[in-house]
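**Student:** sequence and predicted model, in that order:
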Amino acid sequence: MSPTISWFLLILAGLFEVAWAVGLKYTEGFTRLWPSVGTVAAMIVSLALLGVAMKSLPMSTAYAVWVGVGAVGTAAIGIALLGDAASPPRLLSIGLIMAGIVGLKLSQ
C-alpha cells in the first residue's frame with residue numbers, strides 16, 4: 001500500500017476516534033442503545049483503519065498521529081459545540097499537538 005493511502009487511512013481512523021470519543025458523551029455510560037451502538041461501531045472502524053495503516057507506517061508514528069488527531073478533533077468539537085473552555089493556554093496546547101502531528105508526518 002502506498003504511503004499516501006496509509007496516511008489517508010490513518011487520518012480517517014483519527015476522525016473515527018473523534019466520533020467515538022464524542023459519542024461516549026451521549027451513551028450515558030452505555031445505557032442508551034443507539035448512541036452506544038454508534039460509538040462501538042466507530043471504535044471498531046477506527047481501530048481497523050489504524051491497523052491497516054500500521055501495515056506500512058511505523059507503529060510509533062501511526063499511534064501518535066492517531067491519538068493526536070483524536071485529541072485535537074475531540075477538543076475542537078468540545079470547544080465549538082459543547083461549550084468547553086477555549087482559553088489561550090488550551091488553544092496553545094492544541095496547537096502544539098497539531099505541530100507534533102505535522103512534525104511526525106514531515107519526519108517520515
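**Tutor:** Everything's here; your move.

**Student:** any chance you could map the helices in the protein?
**Tutor:** 3-27, 33-53, 59-81, 88-106 (DSSP state H).

**Student:** got TSV for those, with mean neighbour count and mean pLDDT too?
**Tutor:** Quick note: C-beta positions are derived from backbone N, CA and C, even for glycine. Below are the helices of the chain laid out as TSV (neighbours: other CB atoms under 10 Å; pLDDT from 0 to 100):
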stretch	mean neighbour count	mean pLDDT
helix 3-27	18	97
helix 33-53	16	98
helix 59-81	17	97
helix 88-106	13	96
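
**Student:** relative to its centre, which residue of the chain is most distant?
**Tutor:** Going by CA atoms, centre = their mean, the residue of the chain most distant from its centre is Thr31, 23.7 Å out.

**Student:** got a pLDDT number for it?
**Tutor:** For Thr31, the pLDDT comes out at 97.

**Student:** cool, and Met1?
**Tutor:** 87.

**Student:** can you count the residues close to the closest residue to it other than its chain neighbours?
**Tutor:** The shortest distance from Met1 to any non-neighbouring residue, by CB to CB, 6 or more residues apart in numbering, is to Ser56 (5.1 Å). Burial of Ser56 is recorded as 15 neighbouring residues (other CB atoms under 10 Å).

**Student:** now the residue found closest to Leu47 once you drop the neighbours it is linked to in the chain: how far from Leu82?
**Tutor:** Leaving aside its sequence neighbours, Leu47 sits nearest to Ala13 (CB to CB, 6+ apart; 7.6 Å). Ala13 sits 22 Å away from Leu82, going by CB to CB, to the nearest Å.
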